[in-house]
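# Pasting the sequence and the predicted coordinates here, then a few questions.
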Amino acid sequence: MEIWIVRHADPDYENDSITEKGEREAKLLAERLAKYEFSAVYCSPLGRAQKTASYYLEKTGKTAETLKWLHEFKGTVRLDGKRTHCWDRLPSYWTEIDEYYSYEDWTDVKLMQTGNVTKQYKKVGKGINELLEKHGYVKNGRMYDAVKPNHNRILLFCHFGVEAALLSHIFSISPMILWHNFVALPTSVTRLASVEREEGKAVFCTIQFGDMAHLYAGGEEPSFQARFCECFEDDTRH
């Protein structure tokens, strides 16, 4: 089985939709995805993901099931008296804490305990477990029981934060590594494929991450969203 994960198009966060650039990206994405057959389509409840998916759905006549847990990752922490996203931490802080590199221990860090991180991460884990079980693969430790192995494809429209969280659960690795050392730009496509080298036992392998071939083919420059400055003196996001 293949799992295709798509981040929404260039976002208009203020209106929870996508920008004019995002519309161009979503149209190019729809052209690409329409060339493949998907057995099921799922979407975040947020407007920017729904709008991105709408171009593909309109082009193919398919429908998408909205899954609440595909909402952008809701885990927050309390820092300097304010609530803030748990994943946006400076490298000089998080890279010095070994627990952040551990799948089992990252939520035990004192800062992560100041908010709802564990609860929200468990929601994502439960959601992806139930979804994969529906499609024939049951989580069993760090592997999956291939109860009904298949060659189907499923398609998910969501957000980078939750994408990193669900990938970390599938791979049994800390999401901090994915949040900070990987980036899925708007309309990028990540593909996982099941690997069943032993009968009845499967893992999932990444065969593409953050792929934007459709944008390059259409002459559309990828968005900077989710990236940070390459050099400190750059006039871009720090």
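Structure received.
# so where do the strands sit in this protein?
Residue ranges of the strands in the chain, as given by DSSP state E, are 2-7, 11-12, 17-18, 40-43, 65-66, 76-79, 82-85, 137-140, 143-146, 153-158, 189-198, 201-211.
# Kindly format the C-alpha coordinates of stretch 151-161 as PDB.
This file holds the C-alpha atoms of stretch 151-161, laid out as PDB (Å, rounded to 0.1, in the frame of the first residue of the first chain):
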ATOM      1  CA  HIS A 151      -1.400  -2.300  -3.500                       C
ATOM      2  CA  ASN A 152      -3.900   0.500  -2.900                       C
ATOM      3  CA  ARG A 153      -3.100   4.200  -2.600                       C
ATOM      4  CA  ILE A 154      -4.600   6.600  -0.100                       C
ATOM      5  CA  LEU A 155      -4.300  10.300  -0.300                       C
ATOM      6  CA  LEU A 156      -4.200  12.800   2.600                       C
ATOM      7  CA  PHE A 157      -4.400  16.600   2.400                       C
ATOM      8  CA  CYS A 158      -3.100  18.200   5.600                       C
ATOM      9  CA  HIS A 159      -0.400  20.400   7.100                       C
ATOM     10  CA  PHE A 160       3.300  20.100   7.800                       C
ATOM     11  CA  GLY A 161       3.100  20.100  11.600                       C
END
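# tell me the contacts of Ser39?
His135, Asn152, Arg153, Ile154 (Cβ atoms under 8 Å, 6 or more residues apart in numbering). For glycine as for every other residue, the C-beta is placed from the backbone atoms N, C-alpha and C.
# And it, how far from Glu130?
16 Å (Cβ to Cβ, to the nearest Å).
# try Ile173
Applying Cβ to Cβ, the value for Ile173 to Glu130 is 21 Å.
# neighbour-wise, which of the two wins?
Taking neighbours as other Cβ atoms under 10 Å, Ile173 and Glu130 compare with Ile173 leading, 16 against 12.
# Surely that one touches Glu104?
No: with contact defined as Cβ atoms under 8 Å, Ile173 and Glu104 do not form a contacting pair (10.4 Å).
# before we move on, back to that, for Phe182, which of the strands of the chain is the nearest?
strand 201-211 (6.8 Å; Cβ to Cβ).
# pLDDT at the most centrally placed residue in the chain, what is it?
By Cα atoms, centre = their mean, the mean C-alpha position of the chain lies nearest to Glu163, the distance being 1.4 Å. For Glu163, the pLDDT comes out at 98.
# so what's the closest residue to it other than its chain neighbours bridging to?
Excluding its sequence neighbours, the residue lying closest to Glu163 (Cβ to Cβ, 6 or more residues apart in numbering) is Ile5, at 5.3 Å. In this entry, Ile5 is beta-bridged to Leu156, Thr190, by DSSP bridges.
# What degree of burial does Ile5 show, as a neighbour count?
If you count neighbours by other Cβ under 10 Å, Ile5 ends up with 26.
# which one's the longest helix in this protein?
When the chain is parsed with DSSP state H, its longest helix is helix 117-134.
# helices and strands around that helix, which ones?
Contacts defined by 3 or more Cβ pairs under 8 Å, 6 or more residues apart in numbering; DSSP states H and E place helix 117-134 against strand 137-140, helix 160-171.
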